[in-house]
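Chemist: model this:
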Amino acid sequence: MKCALITGGSRGIGKAVCIQLAKDSDYHILINYNSNEAAANETLKLVEAEGNTGEILQFNVANAEQVQSVLTNWQENNPKAVVEVIVNNAGITKDGLFMWMPAEDWNSVINTSLSGFYNVTNFFIQKLLRNRYGRIVNIASVSGVKGTPGQTNYSAAKAALIGATKALAQEVAKRKITVNAVAPGFIKSDMTAELDEKELKSLIPINRFGEPEEVAHAVSFLISKKASYITGEVLNINGGIYS
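Modeler: Below is the predicted model of the structure:
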């Protein structure tokens, strides 16, 4: 059984990626979620509605021990399963001006996006290398490419994720493992629900927020055989707001 693991797969971009991969591939979809079990089950139903299989895995990507124990347990129960695809999508925002930013808001955002990437990817990387094939896609952000005021923590986390993407890509390329990132701009999701879309869309050349599916199509392409010669790349999906 070949599997694709999507972290933060219950809502928003992660949910759209789970559904798109269910449509475009025959991977068994592993939907990771942290707190919203109902949303994760809903995503699973939509994956199955595409005629594909999946299951949900509950862990907080920022909690190294939890990641280790849940994934070890899953692997022991599914000895023949091979995770070929990892989509590191889990992320949180705790916006505020840097001068007033509590340490907790700095640490939790960095730990989810950046340490979460480490905890999940590091668990599987030796298996991918032995298997001599793999696809890793990291969901970064326009904030990590250009920096967004009021999001110093999130910008730092996503910029670091881009650096990690480029470095790891070079380490594992000989084993037919590609590592890429996508950097979405303003995408309609829970994360952007508080933003004033009317006001902000005037900043976007395409003059609208993006849909989660528009990010998911790009992720689906990057995990496919068609993208075998693309690695260490950062694809901006932002309606022209920054490139």
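Chemist: mind jotting down where the helices sit in the chain?
Modeler: Per DSSP state H, the chain carries helices over the ranges 12-24, 37-49, 64-77, 103-110, 116-131, 142-146, 152-172, 197-200, 212-222.
Chemist: export the ones you listed as CSV, with columns for mean pLDDT and mean neighbour count.
Modeler: C-beta: built from backbone N, CA, C; applies to glycine. Formatted as CSV, those follow (pLDDT from 0 to 100; neighbours: other Cβ atoms under 10 Å):
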stretch, mean pLDDT, mean neighbour count
helix 12-24, 97, 25
helix 37-49, 97, 17
helix 64-77, 98, 14
helix 103-110, 98, 16
helix 116-131, 98, 19
helix 142-146, 96, 21
helix 152-172, 98, 19
helix 197-200, 78, 11
helix 212-222, 98, 21
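Chemist: and those helices as JSON lines, adding distance to E84?
Modeler: Below are the helices of the chain laid out as JSON lines (distance: least, Cβ to Cβ, whole Å):
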{"stretch": "helix 12-24", "distance to E84": "11"}
{"stretch": "helix 37-49", "distance to E84": "17"}
{"stretch": "helix 64-77", "distance to E84": "14"}
{"stretch": "helix 103-110", "distance to E84": "28"}
{"stretch": "helix 116-131", "distance to E84": "7"}
{"stretch": "helix 142-146", "distance to E84": "26"}
{"stretch": "helix 152-172", "distance to E84": "13"}
{"stretch": "helix 197-200", "distance to E84": "37"}
{"stretch": "helix 212-222", "distance to E84": "13"}
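Chemist: minimum distance to L30: which of the ones you listed has it?
Modeler: Proximity to L30 (Cβ to Cβ) singles out helix 64-77 among those, at 7.8 Å.
Chemist: quick one: that closest one to helix 116-131, angle?
Modeler: Relative orientation of helix 64-77 versus helix 116-131 (axes from the mean of the first three to the mean of the last three Cα atoms, to 10 degrees): 30 degrees.
Chemist: only alpha carbons, please: show helix 64-77 as PDB.
Modeler: Only the C-alpha atoms of helix 64-77 are listed here, as PDB (Å, rounded to 0.1, in the frame of the first residue of the first chain):
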ATOM      1  CA  ALA A  64       8.000  15.300  18.700                       C
ATOM      2  CA  GLU A  65       7.100  12.500  21.100                       C
ATOM      3  CA  GLN A  66       3.500  12.400  19.900                       C
ATOM      4  CA  VAL A  67       4.600  12.300  16.200                       C
ATOM      5  CA  GLN A  68       7.100   9.500  16.900                       C
ATOM      6  CA  SER A  69       4.600   7.400  18.900                       C
ATOM      7  CA  VAL A  70       1.600   7.800  16.600                       C
ATOM      8  CA  LEU A  71       3.600   7.200  13.400                       C
ATOM      9  CA  THR A  72       5.600   4.300  14.900                       C
ATOM     10  CA  ASN A  73       2.300   2.700  16.000                       C
ATOM     11  CA  TRP A  74       0.800   3.200  12.600                       C
ATOM     12  CA  GLN A  75       3.800   1.700  10.800                       C
ATOM     13  CA  GLU A  76       3.800  -1.300  13.100                       C
ATOM     14  CA  ASN A  77       0.100  -1.900  12.300                       C
END
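Chemist: run through who's touching that helix.
Modeler: L30, L57, Q58, F59, N60, V61, A81, S115, N119, V120, F123, F124 (Cβ atoms under 8 Å, 6 or more residues apart in numbering).
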